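Asker: what shape does this take:
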Amino acid sequence: MKVKPLSFDINQLPHEKGMILFGISMSKIANEQSPENCLKYIKHLRSKLKKTSGVGLTFLYSDYLYMYTDKGSSQRLRQKYIAQMCSHKNGVLKLLEKDPSWIIPSFSFISWGQLLLSFRHLQKYIGIVHELYQKDRYFQKAVKKDAAGRRLTAGQINFFLEEITVFYLLLKGVISLDNHYIQNHEEWVLNCYPGAPLESEFYLYKHNFLGLFNDKNKYENHQYNLVDRVLIDLCV
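Answerer: Residues are numbered from 1 along each chain as shown. Sure, this is the predicted structure:
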């Protein structure tokens with residue numbers, strides 16, 4: 001089932017302090033999410049700031065998440081991911097530093113491994129979502145659709161469930177990422193990605209199995225498609 005997103009762009013981002021999330025897929029880090037394309041996305045989002053108390057942007061690299069599905073020795077993957085992340089971070093900073101209007105401390109960079117280490121209750125939430133998945137055949141069908149015809153392995157299931165749980169917790173305010181500029185004072189969090197959400201994301205947010213709410217975040221149930229430039233309601 002293909003869900004039609006909201007057919008309009010964000011007119012203006014909130015004036016309160018906020019956080020924009022760029023989840024960086026290791027499979028897209030050199031193309032759709034290259035430093036050059038990320039800068040284009042950032043400039044578009046900046047056009048939505050008419051008045052602001054401050055906005056931070058955090059790049060969250062999915063290195064450890066891809067360990068579930070990427071093939072190869074752990075040593076080779078470690079070297080590969082570190083090289084990709086460092087190259088991407090340095091590329092983004094180099095582009096930003098060319099324009100003195102950017103506030104460099106408002107941009108932060110974190111790996112998936114750092115996130116897993118920083119929040120001790122994260123595995124508890126991921127475990128709950130896994131239990132729900134095992135019991136709910138509609139949830140299983142949604143994840144199967146996300147596999148897009150590929151054989152659904154245990155690693156791929158872990159990949160999808162961990163990914164959607166982490167971003168759900170970020171939008172619900174359970175997890176707050178360090179940003180030197182915002183310093184955990186964000187009133188809103190906007191998850192941005194160059195593409196459509198996963199079917200399993202729609203299912204998780206619509207049913208809200210964990211019963212979490214973050215009333216101060218107007219984007220707690222949304223994802224912004226950076227390519228189509230539309231805000232998508234995940235509860236439809």
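
Asker: can you tell me the SS state at the residue of the chain most remote from its centre?
Answerer: Most distant residue from the mean C-alpha position of the chain: Pro100, 27.0 Å away (C-alpha atoms, centre = their mean). What DSSP: H, G, I helix; E, B strand; the rest coil gives for Pro100 is coil.

Asker: distance of it from Ser25?
Answerer: 30 Å (C-beta to C-beta, to the nearest Å). To be clear about C-beta, it is placed using only N, CA and C from the backbone, and glycine gets the same treatment.

Asker: which parts of this protein are strands?
Answerer: Ranges of strands within the chain are 18-24, 55-61, 107-111, 188-193, 222-225, 230-233, based on DSSP state E.

Asker: would you list the strands that the third one pairs with, along with their directions?
Answerer: Each strand that pairs with strand 107-111, with its direction, by DSSP bridges: strand 55-61 (parallel).

Asker: next one: the last one
Answerer: Strand pairing for strand 230-233, using DSSP bridges, gives strand 222-225 (antiparallel).

Asker: could you check how far stretch 11-23 is from the centre of its chain?
Answerer: Centre-to-centre, stretch 11-23 and its host chain are 13 Å apart (C-alpha atoms, centre = their mean, to the nearest Å).

Asker: contacts for that stretch?
Answerer: Applying C-beta atoms under 8 Å, 6 or more residues apart in numbering, the contact partners of stretch 11-23 are 33, 38, 41, 45, 48-60, 62, 163, 167, 170, 177, 179, 182, 185-193, 218.

Asker: what of stretch 179-193?
Answerer: Contacts of stretch 179-193 (C-beta under 8 Å, 6+ apart): 13-14, 16-23, 41, 45, 54-58, 103, 105-106, 108, 167, 170-171, 173, 176, 178, 216-220, 222-226.

Asker: show me which of these are buried.
Answerer: 13-14, 17-23, 41, 45, 54-58, 106, 108, 167, 170-171, 173, 176, 217-220, 222-226 (16 or more other C-beta atoms under 10 Å).

Asker: and the helix ranked longest in the chain, C-alpha only, in PDB?
Answerer: When every helix of the chain is counted residue by residue (DSSP state H), the longest turns out to be helix 74-97. What follows is helix 74-97 as a C-alpha-only set of coordinates in PDB (Å, rounded to 0.1, in the frame of the first residue of the first chain):
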ATOM      1  CA  SER A  74      34.200  -6.800  10.900                       C
ATOM      2  CA  GLN A  75      37.700  -5.300  10.400                       C
ATOM      3  CA  ARG A  76      37.000  -4.400   6.700                       C
ATOM      4  CA  LEU A  77      33.600  -2.900   7.500                       C
ATOM      5  CA  ARG A  78      35.100  -0.900  10.400                       C
ATOM      6  CA  GLN A  79      37.800   0.600   8.100                       C
ATOM      7  CA  LYS A  80      35.200   1.200   5.400                       C
ATOM      8  CA  TYR A  81      32.700   3.000   7.600                       C
ATOM      9  CA  ILE A  82      35.200   5.100   9.500                       C
ATOM     10  CA  ALA A  83      36.700   6.300   6.200                       C
ATOM     11  CA  GLN A  84      33.300   7.100   4.800                       C
ATOM     12  CA  MET A  85      32.100   9.000   7.900                       C
ATOM     13  CA  CYS A  86      35.300  11.000   8.200                       C
ATOM     14  CA  SER A  87      35.300  11.900   4.500                       C
ATOM     15  CA  HIS A  88      31.600  13.000   4.700                       C
ATOM     16  CA  LYS A  89      32.000  15.000   7.900                       C
ATOM     17  CA  ASN A  90      35.100  16.800   6.600                       C
ATOM     18  CA  GLY A  91      33.400  17.400   3.200                       C
ATOM     19  CA  VAL A  92      30.400  19.000   4.900                       C
ATOM     20  CA  LEU A  93      32.500  21.200   7.200                       C
ATOM     21  CA  LYS A  94      34.700  22.300   4.300                       C
ATOM     22  CA  LEU A  95      31.700  23.500   2.300                       C
ATOM     23  CA  LEU A  96      30.200  25.200   5.400                       C
ATOM     24  CA  GLU A  97      33.400  27.000   6.100                       C
END
